[in-house]
Each structure stands twice: as C-alpha cells, then as structure tokens.
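Colleague: coords below, sequence missing:
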C-alpha cells in the first residue's frame, strides 16, 4: 500500500502556516506541504486503511470474548452463515463490556457489545447487525469516518509522515474512534439502514418481526441518556419500532 499522507485545511495566519509548512517540508517532502493547502479528502484506499487500523485499535483496547466464552459462542453461532453479505466480507467479534451498542466499519468488521447481547434476543440482535451492515453498504459509515477524521484533524494538525500505510498516527486513533462512535447518523441514514436491515432479515428467512422488538427495547431505554447506548445514535426508536411493525405486516401480507 502506498504511503498515505494526512491532509488538513484550517484557517491559519501567514506566520503560523509557514511554521507548519516548515515542519512538513523536512526531507524534501514538498508534496505533503502542498496537500496542507488543499481540502481534506479521503480516497477509497485511504478509507480502507483508516477503517482497518481503527478497528484494530479497538480490538486491542477492548476485552474480546473468545468462542469458548458464552457471548463469543453465541455470536459465532448466530453469524455462522454470514462470512459475506452483499459483496462485503464480514468479520465479527464481541467486546466484553456493558455498553449497549454495536457498530460496523467500512472494511466489514462488525463489533457487538456484551451489554447489547444481554438486552436482545437472538433475532433482535440479528436485526441490529443487519442494520449496522446497512450503514456500511449504503455509504453512511464512510461519511461518518470522513466526518470524524476531520474532527480529529482539526483538533491537532496531523503529522505528514505517519507509519507506512497508515492514515492516522498511533496516538491519534483513540480520539478518532471516540469521535466516530459518538457521531450521529442523520434521520435519513437511519431510515435507509432500517429498511436495509429489514430486507436483510427477509432475505435470510429470519424473523423480521424482531426489528420491532429491538427498537422498542431501545425506546424503553431512552431515558437513560447514556452515550454507551444505541439510543445516543439511534433517536426516535419508538417511531422506528412502529415503522418496523408496519413493514412486517406488509411482508406478512405478501407471504
């Protein structure tokens, strides 16, 4: 993988900009200096690298339930047939934490928290997984990564030359992931992923009524206000539960 250089556009005074360029231009790295005055962009290749290194950081900094653990064994059983979905290669892990959350990254990594598994039935959990895969396949996660990257970059000017093949320096990944996980999808994104998740259940002959129950449980938790809950990034769960019920009833009529 070619060396990737971070880019950032901020409003600097002439003096401060020259100071930053003086740092970047070490070893004749003129191209990196030029990139500082362009709009920050991430190519698909950059996104793949960023996604992979960020989820690796998460795996290293969270306790993972192995397949001999009840949580790990349960998830492995549920996703045994989902090595690939809609052209996306998937890999799954459980974090042994109490958070009620799950996420998927553009490289196909799906991470589920033990707290969510305690709350959801098997069918409900699969509906959440289908929803999270939807965010990736529909491009929402890519935009979320892009937004989080901009926040991280704005907080601290990125080093022009990180380790080969990396988009963020090692000491920046933690802050980046916090920004990414706390970022909210738009209501349109959520609605689109709800529909994708429902179709995921139908496609695989799973219990598509489970999505209604999953959202209702999240709605019941809406008063906790915890950032660790899916409620922080999935607002309006009660209405979405009603919508899931309507979809299920329409699907029943088709069957």
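Modeller: Perfect, thanks for sending it. Nothing here was measured: the structure is a model prediction, and the numbers come from that model. Numbers count the residues shown, from 1 in each chain.
Colleague: got the phi and psi for residue 83?
Modeller: Backbone torsions for residue 83, taken as degrees, to the nearest 10, come to phi -70, psi -20.
Colleague: which residues does the nearest residue in space to it that is not next to it in sequence contact?
Modeller: Nearest residue to residue 83, sequence neighbours excluded (C-beta to C-beta, 6 or more residues apart in numbering): residue 90, at 6.3 Å. Heads up, the C-betas are built off the backbone N, CA and C, glycines and all. Residues counted as contacts of residue 90 (C-beta atoms under 8 Å, 6 or more residues apart in numbering) are 79, 82-84, 108-110, 133.
Colleague: residues touching residue 217, list them.
Modeller: By C-beta under 8 Å, 6+ apart, the neighbours of residue 217 are 119-120, 124.
Colleague: I'd like to know which of the contacts of residue 90 is nearest to residue 178.
Modeller: When the contacts of residue 90 are compared for distance to residue 178 (C-beta to C-beta), residue 109 wins out at 17.1 Å.
Colleague: I'd say that closest one and residue 51 touch.
Modeller: Yes. With contact defined as C-beta atoms under 8 Å, residue 109 counts as touching residue 51 (7.4 Å).
Colleague: number of nearby residues for residue 221?
Modeller: 15 (other C-beta atoms under 10 Å).
Colleague: host element of residue 98?
Modeller: If you go by DSSP states H and E, residue 98 is not part of any helix or strand.
Colleague: show the pLDDT at residue 169.
Modeller: pLDDT recorded at residue 169 is 64.
Colleague: over to residue 7?
Modeller: With respect to pLDDT, residue 7 scores 30.
Colleague: before we move on, what about residue 19?
Modeller: 36.
Colleague: SS state for the spatially closest residue to residue 76 that is not a sequence neighbour?
Modeller: For residue 76, ignoring the flanking residues on the chain, the nearest one in space by C-beta to C-beta, 6+ apart is residue 67 at 5.1 Å. Counting by DSSP: H, G, I helix; E, B strand; the rest coil, the backbone at residue 67 sits in coil.
Colleague: now the phi/psi pair for residue 67, please.
Modeller: Per degrees, to the nearest 10, the backbone of residue 67 is at phi -70, psi -10.
Colleague: wait, isn't it in contact with residue 79?
Modeller: No. The criterion here is C-beta under 8 Å, and residue 67 misses it with residue 79 at 11.6 Å.
Colleague: and the two? Which one has more around it.
Modeller: Neighbours were counted for residue 67 and for residue 79 using other C-beta under 10 Å; residue 79 has more, 18 against 12.
Colleague: number of residues surrounding residue 107?
Modeller: Close neighbours of residue 107, defined as other C-beta under 10 Å, add up to 21.
Colleague: so who does it touch?
Modeller: 48, 51-52, 55.
Colleague: which ones among those residues lie within strands?
Modeller: Among the contacts of residue 107, no residue falls in strands (DSSP state E).
Colleague: pipe those into a markdown table and attach distance to residue 254 and pLDDT per row.
Modeller: A markdown table is the format used below for the contacts of residue 107 (distance: C-beta to C-beta, whole Å; pLDDT from 0 to 100):
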| residue | distance to residue 254 | pLDDT |
| --- | --- | --- |
| 48 | 38 | 73 |
| 51 | 36 | 81 |
| 52 | 40 | 84 |
| 55 | 37 | 89 |
